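# Give me coordinates for this.
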Amino acid sequence: MIQPIIKVIIPAYNEQDSIANVINDIPKIVTEIIVISNNSSDNTVINAKNAGASVLSENRKGYGYACLKGMDYISKQKIKPDIIVFLDGDYSDYPEQLTEIIDPIINNNIDFVIGARVKELRENGAMTPQQIFGNWLATFLMKLFFGAKFTDLGPFRAIKYNKLLALNMEDKTYGWTVEMQLKALKQKLSYTEIPMKYRNRIGVSKVSGTVKGSIFAGVKILGWIFKYSFK
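Here you go, the predicted structure:
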């Protein structure tokens, strides 16, 4: 079996204390690790470069902006990947589980895999109450409107590159993850979830760690769901 070309996209905003840990724990089967510094003002860029990643800069703040920057970079490369993995730079996920998250794509021809942050594998406090409620509400609404089987909006995820391009992703901020899942449902991609371990992140969350961030993220997520529900 030919080894697939796997690239990892890591959006990072001021993750100097964690980014090297994330990069170093990613299995060596990955072809390229792409870190997008999202207007970082610390040593995220130098630490990521020293750990061996390709580093881009996106000064427009927003999770989606960073992911789109990584995709644009890949689109200009001569040899295209087979699989794209998205992973956060805060070390809350276990990067070594990448082999588990790509397995359904490689061995079962699944299009899209979500790393589900299940309760029994989460450290206490790793997800805030508003995160837990927001994930429950979003996945409940996706089940209600689309019959979806998602249980999480986990950012650790893998998708076939050609399927990712077909989604025509556009969200620039907090709605990126739910947009991907909604469009996967609309386009009838095959998907599954893999239970993942989840620990307390290094540093403070830029989204769930603030009231403003939590509210904005919630509004964006619900906005995408209702937009697609009435299309």
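# OK, contacts around the closest residue in space to residue 123 that isn't next to it in sequence?
Among residues not flanking residue 123 along the chain, residue 199 sits closest, at 4.5 Å (C-beta to C-beta, 6 or more residues apart in numbering). In this view, the C-beta of every residue, glycine as well, is placed from N, C-alpha and C. Residue 199 sits next to 91-92, 94, 122-123, 126 when contact means C-beta atoms under 8 Å, 6 or more residues apart in numbering.
# Any of those buried? List them.
Taking 16 or more other C-beta atoms under 10 Å as the criterion, what is buried in the contacts of residue 199 is 91-92, 94, 122, 126.
# Nearest to residue 152 among those?
Residue 152 lies nearest to residue 122 out of the buried ones among the contacts of residue 199, by C-beta to C-beta, at 10.6 Å.
# What residues are bridge-paired with the closest one?
Beta-bridge pairing of residue 122 under DSSP bridges involves residue 198.
# ok now do it, which residues does it touch?
Counting by C-beta under 8 Å, 6+ apart, residue 122 touches 197-199.
# and of the residues you listed, the nearest to residue 153?
Each of the contacts of residue 122 was scored against residue 153 by C-beta to C-beta, and residue 198 proved nearest at 12.7 Å.
# ranges for the helices of this protein?
19-25, 44-50, 63-75, 98-108, 129-146, 161-167, 176-186, 211-229 (DSSP state H).
# mind giving me CSV with the ones you listed and columns for distance to residue 203?
Shown next, in CSV, are these (distance: least, C-beta to C-beta, whole Å):
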stretch, distance to residue 203
helix 19-25, 10
helix 44-50, 11
helix 63-75, 16
helix 98-108, 22
helix 129-146, 16
helix 161-167, 28
helix 176-186, 20
helix 211-229, 14
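# Ok, which of those helices comes nearest residue 9?
Closest among those, using C-beta to C-beta: helix 63-75, at 3.8 Å.
# what's the angle from the closest one to helix 176-186?
Relative orientation of helix 63-75 versus helix 176-186 (axes from the mean of the first three to the mean of the last three C-alpha atoms, to 10 degrees): 70 degrees.
# The residue nearest in space to the middle of the chain: what's it in contact with?
Centrality entry for the chain: nearest residue to the mean C-alpha point is residue 155, 3.0 Å, by C-alpha atoms, centre = their mean. For residue 155, the contact set (C-beta under 8 Å, 6+ apart) comprises 86-88, 93, 115, 177.
# Repeat that for residue 157.
Listed by C-beta under 8 Å, 6+ apart, the contact partners of residue 157 are 85-86, 101, 112-115, 177, 180.
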